[in-house]
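**Q** Okay, sequence plus prediction incoming.
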There are 2 protein chains.
Amino acid sequence: MARSELGPRDGTVGIRQVAQQAGVSPGTVSNVLNKPERVAAGTRARVHQAIKELGFVRNGSASSLRAGHGRTIGLMILDLANPFFTEMARGVEDVMSEREYAVILCGSAGLMQREERNMRMLAEQKVRGVLVTPVSDDPRSLALLRERNIPTVMLDHVATRADQCSVTVDDVTGGRLAVGHLLDRGARDIAFVGGPLTMRQNADRRAGALSALAAAGHGTLREVVVEEMTPRAGHEVAEQLLGDLPDAIFCANDLLAMGVLRVLLQQGVRVPDRVLLIGYDDIEYTLASAIPLSSIRQPTYQLGRIAADLLLDECDHPGTHAHQQIMFQPELIIRESTSP
Amino acid sequence: MARSELGPRDGTVGIRQVAQQAGVSPGTVSNVLNKPERVAAGTRARVHQAIKELGFVRNGSASSLRAGHGRTIGLMILDLANPFFTEMARGVEDVMSEREYAVILCGSAGLMQREERNMRMLAEQKVRGVLVTPVSDDPRSLALLRERNIPTVMLDHVATRADQCSVTVDDVTGGRLAVGHLLDRGARDIAFVGGPLTMRQNADRRAGALSALAAAGHGTLREVVVEEMTPRAGHEVAEQLLGDLPDAIFCANDLLAMGVLRVLLQQGVRVPDRVLLIGYDDIEYTLASAIPLSSIRQPTYQLGRIAADLLLDECDHPGTHAHQQIMFQPELIIRESTSP
DNA sequence: TTCGGGACTTGACACGTTTTAATGAGCCCG
DNA sequence: CGGGCTCATTAAAACGTGTCAAGTCCCGAA
């Protein structure tokens, strides 16, 4: 049997078998797959027919080797355990799935080292582009992608350079809204509980909090920095605060706030009567909370969708694509934890 | 300049440049990368040095084209918005990250159609293996992978065939534990709220519930089937039940239970005094709930880790690998929502 | 009838790596 | 001293698709 009649790996079917079945050349099959408009409708139909009959599945490796990249994008987020990020990931996945792209998911866990390792891995995989919530402003890991002309969109982080897109929510305003609200409710001694200030999100929310205090002309901010922004960390902070309770607590995310709330209630501290409590992100799971949690809402799912759209636009129209820095405004959601 | 001195795509560095720099042949560089033990220590060091100096990053597409598969695995779960699945995904990602594999994440949203489309995409990407929580027992989408000899591990689903691994939790026992507990607490008129019974998880939990009733010799089960297992669906069910409240409600997952709880409390129904409520999965976010939720705990994160280990074992030792069907036992967690 | 030109199609090569069989360099022992 | 080892390295042949210059075909105008 002639070589041309055998498929790849002596068993499966490749572009050549399809071509033979449809009575065209391999080149034409490739065109049907990649530039359908260039092939006559009749031929196209015959090829599609052959594809279906033979159960042909394109070899993505060969395709990306030749083309320089494949139908895959990378998504790097800070924390796989945080509903805020997984909700964002859902937005990305929905868009990419519609457009027939595969999504490689990576979690950096906030570690520069893991971020860099993942970036290298994505470069190796020849992804078409990358959506990333960076650990910090350090451009080292991004350089790896830039060298290889892999488009990048910043997620939940403003692009410091004008040569890329970003989608963010204004965290300074968010912090201001939160603390402004606490001040309105009469709080003066306010605690800010957040993660490392090297993370932009924490730094901005804190800055917003301070600016609200400055604008009001009264009130003080105690700052508590935690390693991880989890309910567990919230527990520890709350226990620590029990000895000298502030008027109000502003947590830099809802997971922390959930942990704090739990301990306060267990210890009989009345919320909001004794302590006001507000979180950030407005994740869905605080709805059933003992005291419904006030929070700062972000268009989380949309963040993911829009970033994905921007990335695909850059991939599809590298010439005409105009980089955009999109910033959403957050919204103050008042619930029982701050309103008597 | 001779072709051999230029890099791939006239700019980046390839295996050839590394070889030249280290004074060896391309084949040796490849061996350093893939079978380090076959190359002498001195040569190996020289090659690594050259790799670092030139900033070489392997072209994964070329690699998987030649080798037949790459360092990528597929992970297909039912619902990206459900913390149970994202927690499982976290376990998978942690293991794969350690072993330098990339993870392609797909959500089937419980739709056969999306499951099949994703499977095709994974086959196209030449993934090394796939971890999948299947939508149903229909083997059509798995066939696509089996034809191509792509190893598969079932996640949260028992393998019906002995030629693959699976990692599950005993949902029948889980259902029995839940309803047995409700009966112990004196409930007789019990409602079961769950998703489509075509999903094994729902069917098994229901079966367990029924067997608990049978064992007790008393009590009845009202069955409420919802489309989606979300808090929103829980709201609707609860409103529907308000007119004729049962003694107890068993929700097939915690998200449903959260929605149900919220409406009950809003309407002034006392939990657990008037209605007992128990969920399933024991997700972290119910901890801060108004009435802490009783639930059935599963080793979620471990599920992901172990499934990932099994898959990698099958990939690394295709000859000696012994397929395993691992089943964990769930644990009843009693909290306030079922104990006065 | 011939020629020009547009619309499709073709064929062969290139993409960067892995793999195979073959080569070379030592080394031991008869 | 040389034959038969082993271990380390090499050269060249794939892997299956995308690309692009070079056709082929067909139709209408001259």
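**A** Right, received. Where do you want to start?
**Q** and the residue of chain A found nearest DNA strand C, how many neighbours does it have?
**A** The minimum distance from chain A to DNA strand C, using Cβ to the nearest atom of the strand, falls at A:Gly27 (2.8 Å). To be clear about C-beta, it is placed using only N, CA and C from the backbone, and glycine gets the same treatment. Using other Cβ atoms under 10 Å in any protein chain shown, A:Gly27 has 11 neighbouring residues.
**Q** Correct me if wrong, but it is in a strand.
**A** No - assessed with DSSP: H, G, I helix; E, B strand; the rest coil, A:Gly27 is helix; it does not lie in a strand.
**Q** do you know how far A:Arg232 is from A:Gly217?
**A** A:Arg232 sits at a distance of 37 Å from A:Gly217 (criterion: Cβ to Cβ, to the nearest Å).
**Q** More neighbours: which of those two?
**A** A direct count of neighbours by other Cβ under 10 Å for A:Arg232 and A:Gly217 places A:Arg232 higher, at 15 against 7.
**Q** so the closest residue to the more buried one other than its chain neighbours is in which element?
**A** Spatial nearest neighbour of A:Arg232, chain neighbours left out: A:Gly259 (6.2 Å); criterion: Cβ to Cβ, 6 or more residues apart in numbering or on different chains. For A:Gly259, the host element (DSSP states H and E) is helix A:254-266.
**Q** Could you point out the helix or strand that follows that helix?
**A** For helix A:254-266, the succeeding helix or strand toward the C-terminus, using DSSP H and E, is strand A:276-278.
**Q** Off-centre distance for that following strand?
**A** How far strand A:276-278 lies from its chain's middle: 26 Å, per Cα atoms, centre = their mean, to the nearest Å.
**Q** for stretch A:297-313, same thing?
**A** 8 Å.
**Q** again with stretch A:258-278
**A** 30 Å.
**Q** swap in stretch A:323-332?
**A** Relative to the chain's own centre, stretch A:323-332 is displaced by 14 Å; criterion: Cα atoms, centre = their mean.
**Q** Next: stretch A:120-132.
**A** So, by Cα atoms, centre = their mean, the centroid of stretch A:120-132 is 15 Å from its chain's centroid.
**Q** So is that stretch next to DNA strand C?
**A** No - Stretch A:120-132 stays clear of DNA strand C (Cβ under 7 Å from any atom of the strand), getting no nearer than 9.2 Å.
**Q** show me where the stretch 51-200 of chain A has helices.
**A** Here the stretch 51-200 of chain A has its helices, by DSSP state H, counting those that start in this stretch, at A:60-67, A:83-98, A:112-124, A:140-147, A:171-184, A:200-216.
**Q** And DNA strand D, is stretch A:101-113 touching that?
**A** No - Stretch A:101-113 lies out of reach of DNA strand D by Cβ under 7 Å from any atom of the strand, never closer than 14.4 Å.
**Q** For that stretch, buried residues please.
**A** A:Tyr101, A:Ala102, A:Val103, A:Ile104, A:Leu105, A:Cys106, A:Gly107, A:Ser108, A:Ala109, A:Gly110 (16 or more other Cβ atoms under 10 Å in any protein chain shown).
**Q** Give me the contact status of it with chain B.
**A** Yes - Stretch A:101-113 is in contact with chain B by Cβ under 8 Å from any Cβ of the partner chain, via A:Ala102, A:Val103, A:Ile104, A:Leu105, A:Cys106, A:Gly107.
**Q** Convert that stretch to CSV, retaining C-alpha atoms only.
**A** Output of stretch A:101-113 as CSV, limited to C-alpha atoms (Å, rounded to 0.1, in the frame of the first residue of the first chain):
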residue,chain,number,x,y,z
TYR,A,101,-10.2,28.4,21.8
ALA,A,102,-8.9,26.2,24.5
VAL,A,103,-7.9,27.8,27.8
ILE,A,104,-4.9,26.9,29.8
LEU,A,105,-5.5,27.8,33.4
CYS,A,106,-2.6,28.7,35.7
GLY,A,107,-2.7,29.9,39.3
SER,A,108,0.3,31.9,40.5
ALA,A,109,-0.8,31.8,44.2
GLY,A,110,0.6,35.3,44.4
LEU,A,111,4.2,34.0,44.0
MET,A,112,6.5,35.7,41.5
GLN,A,113,8.3,32.4,41.1
